[in-house]
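Participant: Just the structure for this:
(one chain, ligands or ions: 1)
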Amino acid sequence: MNVYLETLRKQNDLPELTEMRLFAEKENVPILEEESMQLLLQILALTNAKRVLEIGSAIGYSALRLVSGGFERKVTTVERDWKRYDQARFFLAHSSYRQSITLLHGDAFDYVEAIAKGPSFDALFIDAAKGYNQSFIETFAPYVKTGGVIVVDNVLFKGWAADPAGAPKRLQKLARNVHAFNEWFQNHPAFVTWFHAVGDGLAVGIKRENLL
Ligand SMILES: C[S@@+](CC[C@H](N)C(=O)[O-])C[C@H]1O[C@@H](n2cnc3c(N)ncnc32)[C@H](O)[C@@H]1O
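Facilitator: Sure thing, here's the model as predicted:
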């Protein structure tokens, strides 16, 4: 990343975010790339998103970024991996923004009933198992308000979505799957969708109506 922009952006960083980034780097935990984060935060601010559902918390880094920008935002985030969930719980417990985050442990699909009972979300951010992006949207977009935003990370999948044959053999099926998802999302009448070549690729859809 451009060092100058990086320095500018970190001027208002929380100490716990720095700690989390260092931990993620050391432990090889994938967190959202900064360029994608900047775009995501801007989209959420422009759409005035106050209630966000995140699938894939990892150690809680993106959840904390989403609530700490001064927009009085609340995030519900789900993580299925026990170790990551525990790390997220540890980091978030020490944050002054802990009241703004509901951290859930388990497979996101197991929370459908609970989520259906609550108020709708302004935004859905999907940063989890790439092969399930379509299912995540089919399952959770009904709980996003009309005009709400759906953001999906990793839609380029290191460039392999565009060229599945160029991926290592064991990832070719997943690469084809990511490509099929991208076409589905682009062409689905329920969404107006944009694709951005930032980070590992970010897709942004506005929910037009309840067509799912
Ligand atoms: C890329 S990491 C998330 C990074 C995080 N959003 C950030 O930027 O700080 C993806 C996480 O999604 C979790 N995950 C994958 N599929 C899931 C599912 N079905 N339900 C809940 N969590 C899931 C994985 O365990 C992993 O920790």
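
Participant: low pLDDT regions in this protein?
Facilitator: Along the chain, the model assigns pLDDT under 70 to residues 1, 210-212.

Participant: what's the nearest residue to whatever residue of it ends up closest to the ligand if we skip its chain neighbours?
Facilitator: Of all residues in the chain, G56 sits closest to the ligand, at 2.8 Å by C-beta to the nearest ligand atom. Any C-beta I mention is one placed from the backbone N, CA and C, and that applies to glycine too. Using C-beta to C-beta, 6 or more residues apart in numbering and skipping residues adjacent in sequence, the residue nearest G56 is A128, 3.3 Å away.

Participant: Can you report how many residues lie near the one you found?
Facilitator: 22 (other C-beta atoms under 10 Å).

Participant: sec struct for it, please.
Facilitator: coil (DSSP: H, G, I helix; E, B strand; the rest coil).

Participant: Okay, it and P30: tell me how far apart.
Facilitator: Note on A128: its distance to P30, by C-beta to C-beta, to the nearest Å, is 11 Å.

Participant: One more: T18?
Facilitator: For T18, the distance to P30 - C-beta to C-beta - is 18 Å.

Participant: cool, and G56?
Facilitator: Distance from G56 to P30, by C-beta to C-beta: 9 Å.

Participant: Neighbour count: the two, which is higher?
Facilitator: A direct count of neighbours by other C-beta under 10 Å for G56 and P30 places G56 higher, at 23 against 13.

Participant: is it true that the residue of the chain closest to the ligand touches Y132?
Facilitator: No - applying C-beta atoms under 8 Å as the test, G56 and Y132 come out as separate, 10.1 Å apart.

Participant: Near the ligand, which residues of the protein are found?
Facilitator: 30-32, 55-58, 61-62, 78-81, 84, 107-108, 127-129 (C-beta under 6 Å from any ligand atom).

Participant: can you confirm A114 is in a helix?
Facilitator: Yes - when classified by three-state DSSP, A114 is found to be part of a helix.
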